[in-house]
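Trainee: Provided below for reference: sequence and predicted model.
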Amino acid sequence: MNESKNEIENRKKDHLKIVCDEDVNYQRVSTGFEDYHFIHNALPEIDLKDVDVSTDFLGYQLNLPLMITSMGGGENQGKSLNRGLAKAANSEKVALGLGSIRPALNNPKAISSYAIAREYAPDIPIIANLGAAQLSSSLASKNLSKLLKDIGVDAISIHLNPLQEALQPGGDTSFKGVGRAIEILIDTISLPIIVKEVGFGLSVNVVKRLQKIGIEWVDIAGAGGTSWARIEEKRINNKFYKKVAKEFFE
């Protein structure tokens, strides 16, 4: 589906506003972490100052194994948002993932809203992000490699979000051939490729299929946090489709 530049930017603005103003977290489904408990060690035989949680990721030394991921970019507020996130991430030495770069593929003026991150975060890995449904057309345009270089990223994340797109007004539901497009991407660009979900999770079967085609990095993004079904329901006007979206809240 071909959307105009304004339609894409307005949707991204809607998403940012909804997550700031509305309660869009899962209510019943949890991350599952409550099923696990640390066993208290009263005899640790280690000084607290010697505890080290730093990690190496994409060639950078990070203070924490943590990544701020896929917030915004392309919309009017994207530049200031990414500037602030980049400053915070660089200060704390954690990784930063940018919002979908789709607007920048359609509008060169939007590139600066992503490139601002590298300017303010020279010491951490920065990861670009693109939806799987848009991947095939992006590869055909031959602009993707140049765009990634212009933004100054260290890797690209391809997000799988078929449920979100199916519920989204005007969503892109062309997911046929995505696996092959990811295979082509592996041979097309030299950057590391991460495949991620957006909050509904990756099944074991999907992870195995991704490994089979050569993907080494996955971001499970499991359920229990933000529910994109709840976010999209806020944007739907049709009563029937609002009811459909509610069936997928959890």
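Mentor: Looks like it came in fine. Numbering: from 1, shown residues only.
Trainee: Show me what the strand or helix carrying residue 129 packs onto, helices and strands only.
Mentor: In the assignment (DSSP states H and E), residue 129 maps to strand 126-131. Applying 3 or more C-beta pairs under 8 Å, 6 or more residues apart in numbering; DSSP states H and E, one finds that strand 126-131 contacts strand 95-100, helix 102-106, helix 112-120, helix 144-151, strand 155-160. Glycine gets a C-beta too; all of them are placed from N, C-alpha and C.
Trainee: Taking their axis directions, the fourth one and strand 95-100 sit at what angle?
Mentor: What separates the directions of helix 144-151 and strand 95-100 is an angle of 120 degrees, with axes from the mean of the first three to the mean of the last three C-alpha atoms, to 10 degrees.
Trainee: give me the number of residues near residue 147?
Mentor: Residues near residue 147, counting by other C-beta atoms under 10 Å, number 21.
Trainee: And for residue 205?
Mentor: Residues near residue 205, counting by other C-beta under 10 Å, number 8.
Trainee: what's the first-to-last distance across stretch 168-181?
Mentor: From its first residue to its last, stretch 168-181 covers 22 Å (C-alpha to C-alpha, to the nearest Å).
Trainee: now it: mean pLDDT?
Mentor: On average, the pLDDT along stretch 168-181 is 89.
Trainee: Can you list the neighbours in contact with that stretch?
Mentor: With contacts defined as C-beta atoms under 8 Å, 6 or more residues apart in numbering, stretch 168-181 is touched by 1, 3, 7, 11, 131-136, 139, 160, 162, 164-166, 209, 213, 232, 235-237, 241.
Trainee: got the buried residues for that stretch?
Mentor: Neighbour-count burial for stretch 168-181, counted by 16 or more other C-beta atoms under 10 Å, picks out 168, 171, 172, 175, 178, 179, 181.
Trainee: One more: stretch 43-57?
Mentor: Buried, per 16+ other C-beta under 10 Å, within stretch 43-57: residue 57.
Trainee: all helices in the protein, in order from the N-terminus.
Mentor: Assigned by DSSP state H, the chain shows helices spanning 5-21, 78-92, 102-106, 112-120, 135-141, 144-151, 162-167, 178-188, 204-212, 228-235, 239-246.
Trainee: Any chance you could list what contacts the fourth one?
Mentor: Residues from elsewhere that reach helix 112-120, judged by C-beta under 8 Å, 6+ apart: 72-75, 78-79, 82-83, 85-87, 90, 96, 98-99, 101, 104, 126, 128, 150-153.
Trainee: next one: it to chain centre, how far?
Mentor: Relative to its parent chain, helix 112-120 has a centroid offset of 17 Å by C-alpha atoms, centre = their mean, to the nearest Å.
Trainee: Same check on the last one?
Mentor: The gap between the average C-alpha position of helix 239-246 and the chain average comes to 25 Å, counting by C-alpha atoms, centre = their mean.
Trainee: re the thing from before, which members of the contacts of stretch 168-181 are classed as buried?
Mentor: In these, the ones that pass as buried (16+ other C-beta under 10 Å) are 3, 11, 131-136, 139, 160, 162, 164-166, 232, 235-236.
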